[in-house]
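Participant: structure for the following, please:
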Amino acid sequence: MPWNKLKSLFVVKEPSAPVDPEALEVSATDLAAFSEVPHPGDPPPVAPPPPSGGPIDFQGLYDQAGIPNTDEVEALEKFLGGLDMELPQASKVAAAKAFLGAIGKSPNDVLEDAARKIQVVRIIDEAKRADGEKLLGEHQAAINDLNQKIEAERAAMEQIRRDLESVKGQCAVEEGRLQGARTFFGVVGQVAPPAGKRK
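Facilitator: Sure thing, here's the model as predicted:
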């Protein structure tokens, strides 16, 4: 396709400049083709294990998954980034088609490239989610186990406190009984501490 014709599709012209009507003709089918993601019959590509964290190198993962390194989506994005943002959508689509034709590509090539990459992205997301949920489950199980141990320790401590209170109460009752024998004979005062407690 001649450069002048391609250029005329996205360069803003003076109001008096003629516009090629064929270049701006975009059907509803053409517009839909750029917004739909096809579902090819081929099995989804095998994606590598998802990264453990940080920025994801999607291009590297596409390469590992065997996605052809044609980069139609990226070429279209770069082209559209140079267009005037004020252009109507129909003009952008027509310009994009002309650009793709100039580099030997078609909208279908872009859609297939995007669909293959979307499959890899979804596989990465699902694999990471499954891996994350498994790890979260393991950590939750560990927390539950620790909580059970903590509750068991608390229960043991509470039992010790109850035992101490019980011993204290019984000893007080018994000491009162024994003090009664002392007071019967008029003995009032402190009892010498146990042998081990003497200074």
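Participant: where in this structure is pLDDT low?
Facilitator: 1-53, 70, 196-199 (pLDDT under 70).
Participant: host element of the residue nearest the centre of it?
Facilitator: What sits nearest the mean C-alpha location of the chain, by Cα atoms, centre = their mean, is residue 129, with 7.0 Å. In this assignment (DSSP states H and E), residue 129 forms part of helix 107-184.
Participant: can you give me the offset of that helix from its chain's centre?
Facilitator: 25 Å (Cα atoms, centre = their mean, to the nearest Å).
Participant: how about stretch 76-93 as CSV, C-alpha atoms only?
Facilitator: The C-alpha trace of stretch 76-93 is given here as CSV (Å, rounded to 0.1, in the frame of the first residue of the first chain):
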residue,chain,number,x,y,z
LEU,A,76,-1.0,-2.5,16.6
GLU,A,77,-0.7,-0.9,20.0
LYS,A,78,2.4,1.0,19.0
PHE,A,79,0.7,2.2,15.8
LEU,A,80,-2.4,3.3,17.6
GLY,A,81,-0.3,5.1,20.2
GLY,A,82,0.9,7.4,17.4
LEU,A,83,-2.6,8.3,16.2
ASP,A,84,-4.5,11.5,17.1
MET,A,85,-6.7,10.7,20.1
GLU,A,86,-9.4,12.8,18.7
LEU,A,87,-9.9,10.7,15.6
PRO,A,88,-13.2,8.9,15.4
GLN,A,89,-13.2,5.2,16.1
ALA,A,90,-14.1,4.4,12.5
SER,A,91,-11.1,6.3,11.3
LYS,A,92,-8.8,4.5,13.8
VAL,A,93,-10.1,1.1,12.7
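Participant: what's near enough to touch the closest residue in space to residue 99 that isn't next to it in sequence?
Facilitator: Nearest residue to residue 99, sequence neighbours excluded (Cβ to Cβ, 6 or more residues apart in numbering): residue 79, at 4.9 Å. Using the backbone N, CA and C atoms, a C-beta is placed for each residue, glycine as well. By Cβ atoms under 8 Å, 6 or more residues apart in numbering, the contact set of residue 79 is 95-96, 99.
Participant: TSV for these, including distance to residue 187?
Facilitator: Below are the contacts of residue 79 laid out as TSV (distance: Cβ to Cβ, whole Å):
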residue	distance to residue 187
95	115
96	112
99	115
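Participant: just say helix, strand or coil for residue 66.
Facilitator: The three-state label given to residue 66 by DSSP: H, G, I helix; E, B strand; the rest coil is coil.
Participant: pull the contacting residues for residue 58.
Facilitator: So residue 58 contacts 117, 120-121 (Cβ under 8 Å, 6+ apart).
Participant: do the same with residue 130
Facilitator: By Cβ under 8 Å, 6+ apart, residue 130 has no neighbours at all.
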